[in-house]
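Trainee: A predicted structure for the sequence below; I have some questions about it.
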Amino acid sequence: MRDALRAEWTKMRTLPGTGWLLLAIAGVTVGISAAAAGTTACPQACTADPVKTSLTGIAFGQAAVAVFAVLVLAGENGMLGLTFAAMPRRGTVLGAKAALTAGLVAAAGVVGVAISLLLSRFLLPDGLPAVGAATVARAAVGSVLYLVLIALLSIGVAAAVRDSAAAVGTVLGLLYVLPIVAATLSDPAWQRHLYQIAPMSAGLAIQATRDLGELPIRPWAGLGVLGVWSLGALLFGAALMKRRDL
């Protein structure tokens, strides 16, 4: 694994797009979060969740995460055959790519989340209220973990689909289309169930700090649902990768 990690790190740090995509993850997260906080007009009795509002950019920064993670694998195109010729253990290669991608996305996520929460203290009408340090920490750490799980989900999909455009489209469809479908359902029970199993709506429950009893799913349980999606995608992608010629 050490050799695989070293080889993959060499490829990642020498690709010109790596730094820009990581910057995009943090930049989009901060930009959208700041815009959401700055345009919030709430009186003292506002029922909106200020912490969740401060982290709105995560729902958009995840698109950059998906693109970055997919390109880590599918972006090699014909070079993937050379990678497997040098390192025949394909599961090890996939594991190395996943580990390094998760680490880089986590670093970008920490920067984006930290700056977003800092700016919200000045941009929200009442600042970031004292909802409890542990609660804010849970939302912040959970948001970073959310981005990491999205990266792992994307790597798994890319391993299964191989084509970068198709993989990105599949991931973004899973993330954004399922909540839209849920919103169109007339049956509240089915709507709630779909929110509970959709990777984006379930995973982003980790950001909630108010009215937790009214959520379709509890914060950590929701992140666990996304974790199941990510693990399933990785296992499925690894199985297909081992079966194929390339």
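Mentor: Ah, there it is. These figures come from a predicted structure and were not determined experimentally. Residues are numbered from 1 along each chain as shown.
Trainee: how far away is the residue nearest to residue 38 when sequence neighbours are not counted from residue 30?
Mentor: With C-beta to C-beta, 6 or more residues apart in numbering as the criterion, residue 38 has its nearest non-adjacent residue at 4.4 Å, and that residue is residue 123. Bear in mind the C-beta positions are built from the backbone N, C-alpha and C, glycine included. The gap separating residue 123 from residue 30 is 11 Å, by C-beta to C-beta, to the nearest Å.
Trainee: centre of the chain to stretch 24-39, how far?
Mentor: Here stretch 24-39 is found 15 Å from its chain centre; the criterion is C-alpha atoms, centre = their mean, to the nearest Å.
Trainee: could I get the buried residue list for it?
Mentor: Buried residues in stretch 24-39, counted by 16 or more other C-beta atoms under 10 Å: 24-34, 36-37.
Trainee: redo these as TSV? Include pLDDT.
Mentor: Listed next are the buried residues of stretch 24-39 as TSV, based on pLDDT from 0 to 100:
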residue	pLDDT
24	94
25	95
26	96
27	96
28	96
29	96
30	96
31	95
32	95
33	92
34	92
36	88
37	83
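Trainee: using a markdown table, lay out those together with secondary structure and distance to residue 17.
Mentor: What follows is those, written out as a markdown table (DSSP: H, G, I helix; E, B strand; the rest coil; distance: C-beta to C-beta, whole Å):
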| residue | secondary structure | distance to residue 17 |
| --- | --- | --- |
| 24 | helix | 10 |
| 25 | helix | 12 |
| 26 | helix | 15 |
| 27 | helix | 14 |
| 28 | helix | 15 |
| 29 | helix | 18 |
| 30 | helix | 20 |
| 31 | helix | 19 |
| 32 | helix | 21 |
| 33 | helix | 24 |
| 34 | helix | 25 |
| 36 | helix | 27 |
| 37 | helix | 30 |
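Trainee: pLDDT score assigned to residue 45?
Mentor: Looking at residue 45, its pLDDT reads 45.
Trainee: er, residue 222 I mean
Mentor: pLDDT, residue 222: 95.
Trainee: let me see the contact set for the residue nearest to it when sequence neighbours are not counted.
Mentor: Nearest non-adjacent residue to residue 222, counting by C-beta to C-beta, 6+ apart: residue 205, 3.4 Å away. When contacts are counted by C-beta atoms under 8 Å, 6 or more residues apart in numbering, residue 205 touches 215-219, 221-223.
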